[in-house]
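**Q** need the 3D shape of this:
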Amino acid sequence: MSIRAVIWDVDDTLFDYTRADRAGMRLHLMAEGLLDAYDSVQQALARWREVTDGQWARFSAGEVSFEGQRRDRVRVFLGEELTDDAADAWFQRYLTHYETAWALFPDVLPVLDALAASHRHAVLSNSSIHVQDRKLRVLGVHDRFEAILCAAELGVSKPEAGAFHAACAALDLAPHEVAYVGDHPEIDGRGAAQAGLLSVWIDRDGVYTGDDGPGGPHRIASLSELPALLGADTRFGAPSTFG
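**A** Just a heads-up that it's a prediction; the model follows:
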């Protein structure tokens, strides 16, 4: 049966999260006078990303709430036992800088336009609806999606099959009728494949060097390759050369 819908990850798939996070945190650390504690800006940003990844893993595993992982990111990064209010205030000051750098990847609008008539669209994110709903509105693409589902509200996170199946159910489609596009080879790529969806891993940076994508995902380097992979009749070019 043909693919009838595409479910999308948001951060580092549609939205250039890594660039925005680095730009925002750099400005924030300068404003807070915290860069002197590090040998370089790059070292400080690498430490923030390390802490972020660790706390997101705890949230994905159900060990901490969405708000809790934000607060713990601040506490671990600063090495201080802050109150919830103090941690929230620090994180909010960071968000002010982070949001000034928000942007879609340049291949996003062209592919959404190309697939608008042929496929339905939804979002599944390991974040919260409060965060992603607002983000998609600010970026001007909120109305492109029939449904927006997030782990904080679902109570289940990718790569668990239940998260992918909930998104399919929101569209009233079976998993084999749906493609999932995401940037993480395990959480998105392997998770979607094992849940029975057509899994498409967007590997913009070429981080995987093997012959085949892990666990079954189709690997693409740009979203411009997606319409051909889905068999859509669009203006985009040749099918992906990746497995």
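
**Q** what's the helix or strand encompassing residue 21 in contact with?
**A** In this structure, residue 21 sits in helix 17-32 according to DSSP states H and E. Helix 17-32 has contacts (Cβ atoms under 8 Å, 6 or more residues apart in numbering) with 10-12, 35, 41, 44-45, 48-49, 52, 90, 93-103. For glycine as for every other residue, the C-beta is placed from the backbone atoms N, C-alpha and C.

**Q** try it again with 10 Å
**A** With Cβ atoms under 10 Å, 6 or more residues apart in numbering as the test, helix 17-32 has contacts from 10-12, 16, 34-38, 41-42, 44-49, 52, 77-78, 90-91, 93-103, 105, 127, 135, 183, 204-205.

**Q** give the buried residues for the helix or strand following it.
**A** Under the assignment DSSP H and E, the closest C-terminal helix or strand after helix 17-32 is helix 41-60. Applying a neighbour-count criterion of 16 or more other Cβ atoms under 10 Å, one finds 44, 45, 48, 51, 52, 55, 56, 59, 60 buried in helix 41-60.

**Q** quick check, residue 122 in a helix?
**A** No: counting by DSSP: H, G, I helix; E, B strand; the rest coil, residue 122 is not part of a helix but strand.

**Q** can you name the residues bridging to residue 202?
**A** Beta-bridge partners for residue 202, by DSSP bridges, are residue 220.

**Q** residues in contact with it?
**A** Applying Cβ under 10 Å, 6+ apart to residue 202 gives the contacts 8-9, 12-14, 105, 107, 181-184, 188-189, 217-223, 225-226.

**Q** and the pLDDT at it?
**A** Residue-level confidence at residue 202 comes out at 96, pLDDT.

**Q** I'd like to know how far it sits from residue 157.
**A** 19 Å (Cβ to Cβ, to the nearest Å).

**Q** contact partners for residue 62?
**A** Listed by Cβ under 10 Å, 6+ apart, the contact partners of residue 62 are 151, 155, 156, 157, 160.

**Q** 6 Å instead?
**A** Under the criterion of Cβ atoms under 6 Å, 6 or more residues apart in numbering, the contact list for residue 62 is empty.

**Q** how's the protein carved up into domains?
**A** Under the assignment automatic domain parsing, the domains of the chain span 5-16+103-230, 17-101.

**Q** now the shortest one: average pLDDT?
**A** Per-region confidence: domain 17-101 scores 95 on mean pLDDT.

**Q** how distant is that domain from the center of its chain?
**A** Computed by Cα atoms, centre = their mean, to the nearest Å, the chain-centroid distance of domain 17-101 equals 17 Å.

**Q** helices along the chain, start to end?
**A** Per DSSP state H, the chain has helices spanning 17-32, 41-60, 66-78, 84-98, 108-115, 129-138, 151-154, 161-170, 191-194, 226-230. These are given in chain order.

**Q** buried set for the fourth one?
**A** Put plainly, it is helix 84-98. Buried, per 16+ other Cβ under 10 Å, within helix 84-98: 87, 90, 91, 94, 97, 98.

**Q** which other helices and strands does it contact?
**A** helix 17-32, helix 66-78 (3 or more Cβ pairs under 6 Å, 6 or more residues apart in numbering; DSSP states H and E).

**Q** quick check: closest non-adjacent residue to residue 93.
**A** With Cβ to Cβ, 6 or more residues apart in numbering as the criterion, residue 93 has its nearest non-adjacent residue at 6.3 Å, and that residue is residue 28.
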